[in-house]
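**Student:** 3D, please:
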Amino acid sequence: MLELAILGFLAEGPLPGHELRSRVSHLTGYTRPVSDGSLYPAINRLAKTGLIERQPDPRAGAARYVLNLTEAGRADMLQRLRKPADHEITDHTRFYTVLSFLSLLPDVTEQHAVLRRRLAFLEEPASFFYDGDRPIRAEEVTDPYRRGLLLTARATSRAERTWLREALGEEPLASPESPANS
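**Tutor:** Numbering: from 1, shown residues only. Here you go, the predicted model:
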């Protein structure tokens with residue numbers, strides 16, 4: 001997801017490395033902080049494969065450079081957005097990175113296909129805790145912290161599903177929601 005974030009931000013325009021680091025850090029937030037030890041090797045990999053290029057920054061002198069997205073980089077980024085891996089749909093932090101740049105896909109049908117995959121995932125019964133194969137609902141949990149975790153996840157999932165349906169132009173579900181997701 002780090003590479004997608006780099007490509008996505010550079011699709012918006014050239015950036016010096018320190019500004020790119022700041023934007024990526026703000027996107028990933030406290031959940032997955034970005035260190036120089038992960039960012040700059042990723043930049044180097046992308047440059048080595050021709051997806052981004054470094055150019056001297058005329059405003060900052062020869063020692064500074066700006067990063068630019070190449071045509072190959074744009075094509076790679078668009079492919080990553082069209083066909084995110086399953087774990088990029090199911091992991092909320094990874095999905096939020098995809099979502100951050102999804103509007104760069106020029107085809108609304110392709111955008112909606114990604115949103116539908118996420119919605120289908122969220123509509124599957126799930127929990128952090130199970131009784132055999134059956135997801136356990138918040139109302140069944142006596143531990144207040146586990147109950148809080150389940151209630152928070154339920155509210156987040158409900159809000160995201162509502163937004164996804166709205167973005168897809170679908171009507172909200174009128175039927176009762178599944179036990180784990182309601």
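
**Student:** please make it C-alpha for all contacts and neighbour counts, starting now.
**Tutor:** OK.

**Student:** count of residues packed around the nearest residue to R147 once chain neighbours are set aside?
**Tutor:** Once flanking residues are discounted, R147 sits nearest to A138: 5.0 Å by CA to CA, 6 or more residues apart in numbering. A count of nearby residues for A138, using other CA atoms under 10 Å, gives 23.

**Student:** you'd agree A138 is up against A155?
**Tutor:** No. The pair A138 / A155 is not scored as a contact, 11.4 Å apart, by CA atoms under 8 Å.

**Student:** what are the ranges of the helices in this structure?
**Tutor:** Assigned by DSSP state H, the chain shows helices spanning 2-11, 17-28, 36-48, 71-82, 86-90, 92-101, 108-122, 144-167.

**Student:** can you report how many residues neighbour L46?
**Tutor:** Per other CA under 10 Å, the neighbour tally for L46 reads 18.

**Student:** gap between it and H26?
**Tutor:** 21 Å (CA to CA, to the nearest Å).

**Student:** quick one: least confident helix or strand in this structure?
**Tutor:** strand 61-69 (a mean of 81; mean pLDDT, DSSP states H and E).

**Student:** low-confidence ranges, the chain, go.
**Tutor:** In the predicted model, the chain carries pLDDT under 70 at residues 30-32, 60-63, 173-182.

**Student:** that one - how does it break down into domains?
**Tutor:** Per the record, the chain has its domains at 2-76, 83-167, by automatic domain parsing.

**Student:** quick one: end-to-end distance for the shortest one.
**Tutor:** With CA to CA as the measure, the ends of domain 2-76 fall 14 Å from one another.

**Student:** ok, now which ones touch F121?
**Tutor:** Applying CA atoms under 8 Å, 6 or more residues apart in numbering, we find F121 in contact with I89, T90.

**Student:** let's see it at 10 Å
**Tutor:** Contacts of F121 were listed using CA atoms under 10 Å, 6 or more residues apart in numbering, and they are D86, I89, T90, L115, R161.
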